[in-house]
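# What shape does this take:
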Amino acid sequence: EEQITISDSQADHIHIEETYSTFVHLQTSRVDLICSKLQQRLSCFSVTQESVIGWYRQRRNTDQQMTFREKIVHENLKSALSNPHIIFVLLTPSKLTPPGSTHRMEYAAFISRSREFMNVPVLVNNLGLLEQLAYWKVSAPLHFTCLSAAVTLTICCCRSKFFSSNGLLREVNEVNKMNETLQSELQKACRNVEESERLVETLQAEVSTLRRRVREKKRSKAAGDADGGRLEQQKNNPRLHEAVRVLFACSSLFHTQTLTLDAFPVADGCCCNSEQDEHTMQKNSDTLNTQETLSLLNPCRANCRKRLNETLPERESKRRKSKS
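This next block holds a predicted model:
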């Protein structure tokens, strides 16, 4: 079958597109018998010469070039069929892998123009990539394939199992429905995953905020404890100073900042006024009271202090003599 479509793509250019649909093909083991038994084989299948569009040959592991013998057969078919536009299709399968588990099929089409063979581009569609309407849904005429009425009746009875009322394949509709259902389920799962991820991000932000607050509270608590310890230490320091003054009130080191050459303390009597004398007398009375209290509590320490008081006038007399 030959279909010619003419469309004006430009004002001064005409584009001719030819579409060939093959319903049946005849097989023969010898190329030289094609022309001799062509009429006999066509009559067996009730095929006219006008419906023949070309011939093909299959060669393994060869180049996509026509041989001299193929060119002669092609010219003989042109004259026998009276069709100048007959096409020759060359199929060249080859091994794609060394073990031969995968093969590759290449196609090449040739047409003769004034005894010059021209290569015609061939487009092979992958049925898995085509749309539903791109499938060939109309079956070939029955007289092309078989003349049996039983086969025709069987096809008509089973046609309803594969085709719907609108002429579309039922399996294709079911597959489309399944794909739509799977797509909706996938979209729902994606939305659930997205919501869970956003919830996890929110929880992580809240946890980080709580951790930061806990760290700040710990730092403030540690700083407060340190300040409280310092205050308590400062509160305890005056008591310690008072106790030291009570215990070592008789020592001259606490009453002067002047030392002799021999590192003996010298009392600062020259700088004292009446107020200082009164303050000193009050301190001395307090010291005597504390000494009496300590002597009652610890008689040994009182005896030591008495000895120290007895030795102090002797040291002062010696210092005066040394100064004089």
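
# now the strands for the chain?
Ranges of strands within the chain are 2-10, 13-20, 54-58, 87-95, 103-113, 116-120, 258-259, 265-266, based on DSSP state E.

# Looking at these, spot the one closest to Leu26.
strand 54-58 (8.7 Å; Cβ to Cβ). C-beta coordinates here come from the backbone N, C-alpha and C atoms, glycine included.

# Can you tell me the number of residues neighbouring His74?
Applying other Cβ atoms under 10 Å, we find 19 residues neighbouring His74.

# Just name the shakiest helix or strand of this structure by mean pLDDT.
Scoring the helices and strands of the chain by mean pLDDT, DSSP states H and E places helix 142-145 at the bottom, with a mean of 43.

# Can you report how many residues lie near Arg57?
Neighbour number of Arg57 under other Cβ under 10 Å is 16.

# repeat for the one 3 residues further on
Neighbours of Arg60 under the rule other Cβ under 10 Å: 10.

# Repeat that for Val73.
19.

# any idea how far it lies from Ser112?
11 Å (Cβ to Cβ, to the nearest Å).

# still on that earlier bit, rebuild the strands of the chain as a markdown table, extending it with distance to Glu185 and mean pLDDT.
Output for these, formatted as a markdown table (distance: least, Cβ to Cβ, whole Å; pLDDT from 0 to 100):
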| stretch | distance to Glu185 | mean pLDDT |
| --- | --- | --- |
| strand 2-10 | 43 | 52 |
| strand 13-20 | 41 | 66 |
| strand 54-58 | 46 | 86 |
| strand 87-95 | 42 | 87 |
| strand 103-113 | 38 | 86 |
| strand 116-120 | 47 | 87 |
| strand 258-259 | 99 | 74 |
| strand 265-266 | 100 | 70 |
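
# Compare those and give me the one nearest Ser208.
strand 103-113 (58.8 Å).

# Tell me how this protein divides into domains.
Using automatic domain parsing, the domains assigned to the chain come out as 2-124, 131-168, 178-241, 248-323.

# Now Phe117: closest residue in space that isn't a chain neighbour?
Leaving out its chain neighbours, the residue that sits closest to Phe117 by Cβ to Cβ, 6 or more residues apart in numbering is Phe110, at 4.8 Å.

# burial of the one you found, as a residue count?
19.

# Please apply the same query to Glu116.
7.

# Who does it form a beta bridge with?
Beta-bridge pairing of Glu116 under DSSP bridges involves Arg113.

# please begin residue numbering at 30 from this point
Okay, using 30 as the starting number, the last item reads as Glu145.

# Okay, Thr231 and Phe117: tell me how far apart.
Counting by Cβ to Cβ - Thr231 and Phe117 are separated by 71 Å.
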